[in-house]
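Chemist: build me a structure from this.
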Amino acid sequence: MKPWRAHARALRWRWLAAPLAAASCAAPSADAPSAVVPPRVVEPVPAHTSAAPAFASTGSGPSTDASASLAKQLAAIRVPARLPDVAAKVEVEVISPATVEAVVTRAEADMFVTYVANEARTLPDFDVRLVDNGHFPPYPDSDIQPGPLAAYQGWTAVAYAPGASDFILTVQVHLDALRDRTPGLIWSVDSTAKHPTVTFLSLDGEIYSFSLGPGSASVAPGVDPPASWPKPVNQLFGRTALGGRRTQVAALDREDRAIEACAKRVSARIRRGMTPEQLEAYPWPPMPLIRSGCSAELAAWERTFVENVEADVARRTALLDKARARVVALGIAR
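Modeler: As a prediction, the model looks like this:
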């Protein structure tokens, strides 16, 4: 690969990988200065019992004192504390489906809890960072159209990285909030802030974080009967997720190259008919014309991406089925 081309791609992926969430959410690079992280409060783990935990539903969110008390009780049933051989050394950011399966099928009765929304809106913690929304600004004439991803509340947009002469297809997505009464497990509790933060593992293997406090979401002990569990939230994710918590079962390299080549051909053809004044006034590629001129290549890309989405849906469905079986075997559904 030519050096300028490698540099262009590096620029593109550096931009594409910029996190949607706050910079503090992203993992530091190897050469970045170490940030000072407050120590987590780790509560002692009591002797294991199969009884349901003693904490109760907190209505519209616990008060400051109540949230601190609830945090202590939740810390005692954290997955890494209760199943250290499976999860003690696993960072939640990279938790694998195999780890989730081991956790779900081995969790004891008192570890299962229910999310209480209290009208709060809790989004999938890592999906928010891994979707492509916001990685490219809304350039003039960037064209967004529904396609095969519409069934998953998603769509694609042709994006262009200035300076890199590179076209790429990004995935836009609507993320649903975690539904009230969703069953799950507690992965971690951070008590260093005024209102403790809980990391919640839903039984289909997704991660959510929320604070405990007045007007916030909360957690109740036990779970409802499996037949009444709410449907898992929309799981569509961006292409950047395929290098992280998602498994890529269908490669996109060939489709990426086809889109880039087609987009360059269409752009060059259109721009040949423009005057110098028009080119100066309108330097951006003609995205709508690229969308129409490369429709076959774009459709092929979306079909391939849907294969990855469908594989992830199957993985989450299988985990939820195993969780239902575990809850029934333990006889703990209220």
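Chemist: quick check: mean pLDDT of the strand or helix carrying A329?
Modeler: Per DSSP states H and E: A329 is located in helix 295-330. With pLDDT averaged residue by residue, helix 295-330 scores 92.
Chemist: so which elements touch it?
Modeler: Judged by 3 or more CB pairs under 8 Å, 6 or more residues apart in numbering; DSSP states H and E, helix 295-330 is in contact with helix 97-106, strand 154-161, strand 166-173, helix 253-272. (C-beta placed from N, C-alpha, C; glycine too.)
Chemist: rerun that using 6 Å as the cut-off
Modeler: In terms of contacts (3 or more CB pairs under 6 Å, 6 or more residues apart in numbering; DSSP states H and E), helix 295-330 is packed against helix 97-106, helix 253-272.
Chemist: so which of those helices is the most packed in?
Modeler: Among the helices and strands packed on helix 295-330, helix 97-106 has the highest mean neighbour count (mean count of other CB atoms under 10 Å), at a mean of 18.
Chemist: re earlier: can I get the helices and strands packed on helix 295-330 in TSV with distance to P232?
Modeler: Shown next, in TSV, are the helices and strands packed on helix 295-330 (distance: least, CB to CB, whole Å):
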stretch	distance to P232
helix 97-106	13
helix 253-272	28
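Chemist: G213: which of those is closest?
Modeler: helix 97-106 (26.9 Å; CB to CB).
Chemist: where exactly do the helices run in the stretch 101-250 of the chain?
Modeler: 125-130 (DSSP state H, counting those that start in this stretch).
Chemist: list the residues that contact the residue located most distally from the centre of the chain.
Modeler: Centroid-distance maximum for the chain: T275 at 44.9 Å, with CA atoms, centre = their mean. Under the criterion of CB atoms under 6 Å, 6 or more residues apart in numbering, T275 has no neighbours.
Chemist: and it, backbone torsions?
Modeler: phi -80, psi 160 (degrees, to the nearest 10).
Chemist: now do I332
Modeler: Torsion angles, degrees, to the nearest 10, at I332: phi -110, psi 0.
Chemist: tell me the buried residues in the helix holding A329?
Modeler: 297-298, 300-302, 304-306, 308-309, 312, 315-316, 319-320, 322-324, 326-327, 330 (16 or more other CB atoms under 10 Å).
Chemist: quick one: that helix to helix 253-272, angle?
Modeler: Compare the direction of helix 295-330 with that of helix 253-272 by axes from the mean of the first three to the mean of the last three CA atoms, to 10 degrees and you get 140 degrees.
Chemist: use 48 as the first number from now on
Modeler: Sure thing, new numbering starts at 48, so read that last one as helix 342-377.
Chemist: point out where the protein drops to low pLDDT.
Modeler: Across the chain, the ranges flagged by pLDDT under 70 are 48-111, 139-141, 172-192, 207-213, 287, 290-292, 381.
Chemist: show me the strands in it, by range?
Modeler: 160-163, 191-192, 201-208, 213-220, 230-237, 244-249, 254-258, 265-268 (DSSP state E).
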